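[1] have a look at this prediction, sequence included:
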Amino acid sequence: MDNTDPYFLPQEFPDFELIDTGHYQRLERWGSVRIIRPDPQIIWNREASEEEWSNIYAQFVPSSGEEKGKWKIVHEFKRPWAIRYGQTDLKLDLTPFKHTGVFAEQATHWAWMLPKLRTASSPRLKILNLFAYTGAASVILAQAGAFVTHVDASKPSVAWAKENQLLNRVPQDSIRWIVDDAVKFVKRELKRGKRYDGIILDPPAYGHGPSGQVWKFSAHAPGLLRDCADLLSDAASFLVLNAYATNSSALALKNLATQILAPKRGTVVAGELCLQDRARRLLSTGIFARWERKS
Ligand SMILES: C[S@@+](CC[C@H](N)C(=O)[O-])C[C@H]1O[C@@H](n2cnc3c(N)ncnc32)[C@H](O)[C@@H]1O
């Protein structure tokens, strides 16, 4: 047992910056666009000056609870806009759910998966991206040569993901777009005898399939992970289980993934996905357990 902190930070993402945190808010830069968003976990004080905090383009003002609300535009700018991660352009916009269409902390997983595509035995890995949202991972992996099956319950999210595909001129046949309930889709793929070389799951704490199927992380994640383990090919390279806003912990995900993936030769590492502000304070944005084949 070692005492290494299980905190993981995105590297080499110059178009994104967490400038400062404090007073239940984060100050971020997406390209040249600086925004303020609420974050209830930020119970500490700001470090940056008032001038930094007032030099913004937009601020999210919650209407009820934390998730929904309105953006107050402080300085007009062209929307949607795009930022770059590596070779990939990603469309951004201000959504009524306080998001921008990209979760910058996911860059930790993107950077971990990309080299696995290059060193894999097969030239084009088959990747399943569940709860795939606006498709950042789908497009990044497809650009690197993978065949990606992108599954999300939300039609508007899949439409946004397709825009990211077009923006990057990713060949049409590199990504299969599926609007479906992740649980149902995985069961169907098992029946069809399909297999994948890599699987990403980034489910919400609570959500809905397109026909209203209820998704609850604590109730449904174990069954879904079991089915995903069965979907892994014999030569499978990796599986990433990510979670956020759940009552779970990185250790709980590690215990679950270690148990379920025990028959596969590999190792499971768990941790927290974090962002770091200029004052070098870490902000936790989610938890994960990820499995990789032992070489
Ligand atoms: C916040 S996103 C995940 C972020 C994404 N992995 C990324 O890095 O951009 C969660 C997604 O899960 C989708 N979702 C919720 N319930 C679902 C279900 N039962 N089946 C499929 N997708 C679902 C939502 O539409 C949403 O796009």
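    Structure received. Numbering: from 1, shown residues only.

[2] residue of the stretch 151-295 of the chain closest to the ligand, please.
    In the stretch 151-295 of the chain, the residue found nearest to the ligand is Gly207; the distance is 2.7 Å by CB to the nearest ligand atom. Bear in mind the C-beta positions are built from the backbone N, C-alpha and C, glycine included.

[3] so how far is Phe217 from that residue?
    9 Å (CB to CB, to the nearest Å).

[4] just Lys126 next, same as before
    Distance of Lys126 to Phe217, given as CB to CB: 26 Å.

[5] residue nearest the middle of the chain, spatially speaking?
    Gln106 (4.5 Å; CA atoms, centre = their mean).

[6] where does Phe77 land in three-state SS?
    When classified by DSSP: H, G, I helix; E, B strand; the rest coil, Phe77 comes out as coil.

[7] that one: what's it in contact with?
    Residues near Phe77 by CB atoms under 8 Å, 6 or more residues apart in numbering: Val33, Tyr57, Ala58.

[8] let's see it at 7 Å
    Val33, Tyr57 (CB atoms under 7 Å, 6 or more residues apart in numbering).

[9] again, but for Asp15
    For Asp15, counting by CB under 7 Å, 6+ apart, the contacting residues are Trp30, Gly31, Ile83, Arg84, Tyr85.

[10] just the element for the closest residue to it other than its chain neighbours, please.
    Nearest residue to Asp15, sequence neighbours excluded (CB to CB, 6 or more residues apart in numbering): Ile83, at 3.8 Å. Under the criterion of DSSP states H and E, Ile83 resides in strand 81-85.

[11] one more: Leu256?
    Residue-wise, Leu256 maps onto helix 250-260 under DSSP H and E.

[12] tell me the residues of the stretch 51-200 of the chain that contact the ligand?
    103, 106, 131-134, 136-137, 151-154, 157, 181-182 (CB under 6 Å from any ligand atom).

[13] among those, which lie within helices?
    Ala136, Ala137, Ser157, Ala182 (DSSP state H).

[14] domain parsing for the protein?
    13-79, 104-293 (automatic domain parsing).

[15] any stretches of the stretch 51-200 of the chain with poor pLDDT?
    Within the stretch 51-200 of the chain, the segments meeting pLDDT under 70 span 65-67, 121.
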